[in-house]
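Participant: I'd like to go over a predicted model; first the sequence, then the structure.
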Amino acid sequence: MIGGRLAAARGSWRTALRIAQREARRSRRRTLLVLVMIALPVFGLSFAAVSYDMGDLTRAERIDRRLGGADVALRWESLTPVKQDAWGETAWPVQGEWVGRSRPPTAEEVRALLPEGSRLTRARWWLTFSTRIDRRVEAFDARAVDLTDPLARPLARVRDGRPPVRPDEIAVSPAALSRLDTRIGDPVRTTDGATYRVVGVVEYPDNLREVVTLAGVVPEMPYGGDTWLVDLPGPLDRALVDRLNGQGVQVVSRDPLPGREELPHGMSVPDAEEAGTVGLIGGLGLLEVVLLVGPAFAVSVRRRRRDLALVAVAGGDAAHLRRIVLADGVVLGAGGAALGLVLGIGAAFAGRPLVEQYLLGERLGAYRIFPAALVAIAATAVLAGVLAAVAPAWTAARQDVVTGLAGRRDATRPRRRWLLLGASLTVAGTAIAAFAAGRTSQAGVLAGVALGELGLVFCTPALVGALGRAGRLLPLTPRLALRDASRNRSSAAPAISAVMAAVAGSVALGVYVASDDTRARELWQPGLPPGNVLLVHSGDTPADPPSADAVAARARTVLPDATVAPVAVPGCAGPSDKEDCAPSAIMPPEHRCPYEESDPDRASARNDPRCASYQEPVDVYLPTLVDDGAALPALTGAPADELAAARRTLAAGGVVVTDPRRVVDGQARMEVNYGSGSAPTARFLPAYVLRGGLPVDRLVLSPAAANALGLTAVPLGYLLDTAASPTDRQIELLTDELYDISPMSAQVATADPPSDQRPMLLLLAVASGVITLGAAAVATGLAAAEGRRDLSTLAAVGADPRVRRLLSLCQAGVIAVLGSALGILAGLGSAAVVLAALNQRYADSWPAQPPYPVTVPGVTLAVLVVVPLVAMGGAALFTRSRLPIERRLD
């Protein structure tokens, strides 16, 4: 009996699929619309999946790029024995901590550990090549390797010229050749005065960016990630690996080493939080596709209600009718998946060079298509098609047969239980999002938002019906648009919900981003008064740095009102075996905060003045300085009377601090800890507290105080006090102007964080705007196709032809305006709940943290207000004015 039922179901599905294929061929425009909406996300996902699979190198591909033509690669970075995995990709000490080498091993030292007859060559991967481009110092990644050696030759491809063989020759990558604006045979001068000649263009598969290749033998090169490529006279045995590991040498091999742990390679299994977040984001995307595609199936069911009624008359039950409509989802979902997969795989293969050059910066591996991911993507696309057809299938199974045969509408009222379910889900989702935000659970917040949006989707049909009843007070055309939306809720409600979901997500994320940006501005603490500039010597400090007057003369050609003061930092005086000579002003025990961050009594800590803390500068960092008071105005921005008092203290051999807790009776206890167990030097010196200016913890020593502590002043650079914040162009001109007397880098203190969230906010608004326009266009077109009989009735009674344009405008307005309004309200509500929950965590935190303000981004709201107007104008513009006259059967 069970077999008979299965056979009947199989036959019923076969018939339903044939009917779906026939209907897809008959309604080609609707079919193309659904295929495009399903194929677009499949195209993007399949492109990303295939590109990722090609970029995820296999272990063999990755090791080939490291070994070149060698049998093994050796890395001797430890002075103690190490253990390693079977492939030599990771190593760790046998006992205790890792003890690194301070100098590179010589070829003789490495050869002494290898069997007789071994050949080896050295490659250094992590070097820096600094040169001057347009009077600016630019640092390039550099590698030193003998590419003429057969062991190293497969590591790179010589695209032009030849590899370098002399110490004064270099080869460059194509990107570096363009950046240097040079040609083969031209000289390139480094910042330390050395001159190299470009002899070739070389490309490394693991780095397509700006790379400079030096000759393999350059004696003065520093230690920089040495790898020894070795050609062994025989096979690699376990005894040799054990001997090398015992000396601290890590062995990279093409084949797994015996007796070693084989660590897994490839994608790591994500944790539950990460997997939940990815799954919820995918679920929200799937819901959006279902809502966008749903109206097309709803209209298809209404246009086929006579055919479905004939099936019922011929003996078909509700299950047969549901299968016929669900088969539409299967056919169109499979078609969209196939189309998207073909386009995605083709685009990934065709766009491979662009991905390599501009996205990853390295060559991809072999051509692969990631079958598991593509199967999952295709299955998701089919699932989206089926889910989009579920509601219309349920409606088709419940329609009245007589009404369907007559071709009349089946006026069914939505049940109240869906409204109650939607309201319950919305409340539950809001509560879950707030609860999860208070515990910083990203997956929980997304789950709550998704649940709330699903609840609003269930509430939308009831809201559309309420608006339809309220439309009785409106003029004719908007009343007709609201009536159609109310009567055709199965197509209007999903379109409105799709717009609402997109707008709600955009607004919620936009409000969070804008609020986070506002909070970041409150947390921002410049290291200097905004607009002031710190100039630091590039590279080693010159033995005879230029005077402040010489720097000022050059700087004023760019910044006429700038004043210049030299700055110096304390350094070790006397013997050079001291590790650290940083001085500090010691806080007396009675002034120290008695609480720890882990103490439960945080309210007391927040109210205790001893527990006040200074924010660390985030743009310009300056250590303790040695100064006679000339740099204090540009350093602190304090009032003139305080600066005068501070200069008097410095002239008396004292120090200046900004933290009053470090000063007792006009003196501060100064200590210098030299490290290595040496006893610190401590002295009490006169101190002055600068209470005005920047709220930054500063310590300035006078030259006499530094001398008393056994320190010396080491020149660091110069401080520029500017009248207005300089522009990027002025800073570029300033460093160019100073290059002739001393190459310097410039850091500018800014009043606000440099990050700008407007591009992200605009991107979010544009994405939701595109979905709004698409949903409005689809729903309006479907409504126009469904309402041809009403339009013919209007034409028969003498309606003006412009009524059709106005009706399309109003229909688009119902979708776009109502969806955008609901989305804005839902997005603002979700963001407010999440921010309130986050602020609750900071209410009793210590150290005190500023709360998140509710900041509504104007650019987001402006776009979302304009988009419905664009949708309405587009609907009116692209709708023909001529009203159709059709033959009516009833």
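Facilitator: Great, that's in hand. These numbers were taken from a predicted model, which means no experiment stands behind them.
Participant: what helices and strands are in contact with the helix or strand where residue 64 lies?
Facilitator: Assigned by DSSP states H and E, residue 64 belongs to helix 59-67. If you count contacts as 3 or more Cβ pairs under 8 Å, 6 or more residues apart in numbering; DSSP states H and E, helix 59-67 packs onto strand 249-253. Glycine gets a C-beta too; all of them are placed from N, C-alpha and C.
Participant: again, 10 Å this time
Facilitator: Counting contacts by 3 or more Cβ pairs under 10 Å, 6 or more residues apart in numbering; DSSP states H and E, helix 59-67 packs against strand 72-76, strand 226-231, strand 249-253.
Participant: what about residue 250, how many residues nearby?
Facilitator: Look at residue 250: counted by other Cβ atoms under 10 Å, it has 23 neighbours.
Participant: check contacts around the nearest residue to residue 75 once chain neighbours are set aside.
Facilitator: In this structure, residue 75 finds its nearest non-sequential neighbour in residue 250, 4.4 Å apart by Cβ to Cβ, 6 or more residues apart in numbering. By Cβ atoms under 10 Å, 6 or more residues apart in numbering, the contact set of residue 250 is 73-78, 82-85, 88-92, 227, 241, 244.
Participant: sorry, back to before: could I get the helices and strands packed on helix 59-67 as JSON lines with distance to residue 457?
Facilitator: As requested, these are arranged in JSON lines below (distance: least, Cβ to Cβ, whole Å):
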{"stretch": "strand 72-76", "distance to residue 457": "57"}
{"stretch": "strand 226-231", "distance to residue 457": "58"}
{"stretch": "strand 249-253", "distance to residue 457": "55"}
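Participant: that older thread, quick one, which of the contacts of residue 250 are buried?
Facilitator: The neighbour-count criterion (16 or more other Cβ atoms under 10 Å) marks 73-78, 82, 84-85, 88, 91, 227, 241, 244 among the contacts of residue 250 as buried.
Participant: could you find the lowest-pLDDT member of these?
Facilitator: Lowest-confidence member of the buried ones among the contacts of residue 250: residue 88, scoring 81 (pLDDT).
Participant: now that one. Nearest residue, chain neighbours left out?
Facilitator: Nearest residue to residue 88, sequence neighbours excluded (Cβ to Cβ, 6+ apart): residue 252, at 3.6 Å.
Participant: now do residue 572
Facilitator: Using Cβ to Cβ, 6+ apart, the closest residue to residue 572 is residue 581 (4.0 Å).
Participant: residues near the one you found, how many?
Facilitator: Residues lying near residue 581 (other Cβ under 10 Å) number 22.
Participant: ditto for residue 372
Facilitator: 9.
Participant: check contacts around it.
Facilitator: 49, 53.
Participant: what does residue 50 give?
Facilitator: 341, 344-349, 351-352, 367-370, 373-374.
Participant: again, only this time at 7 Å
Facilitator: 344-345, 348, 369-370 (Cβ atoms under 7 Å, 6 or more residues apart in numbering).
Participant: got the domain boundaries for this structure?
Facilitator: Per automatic domain parsing, the structural domains of the chain span 1-65+273-412, 66-253, 435-524+757-890, 533-594+603-748.
Participant: what residues does stretch 152-159 touch?
Facilitator: When contacts are defined by Cβ under 7 Å, 6+ apart, stretch 152-159 is touched by residues 68-69, 121, 123, 145-147, 174, 200-204, 229.
Participant: buried set for the helix or strand hosting residue 37?
Facilitator: Here residue 37 sits within helix 28-55, counting by DSSP H and E. Of the residues in helix 28-55, 30-31, 33-35, 37-43, 45-47, 49-55 count as buried by neighbour count, 16+ other Cβ under 10 Å.
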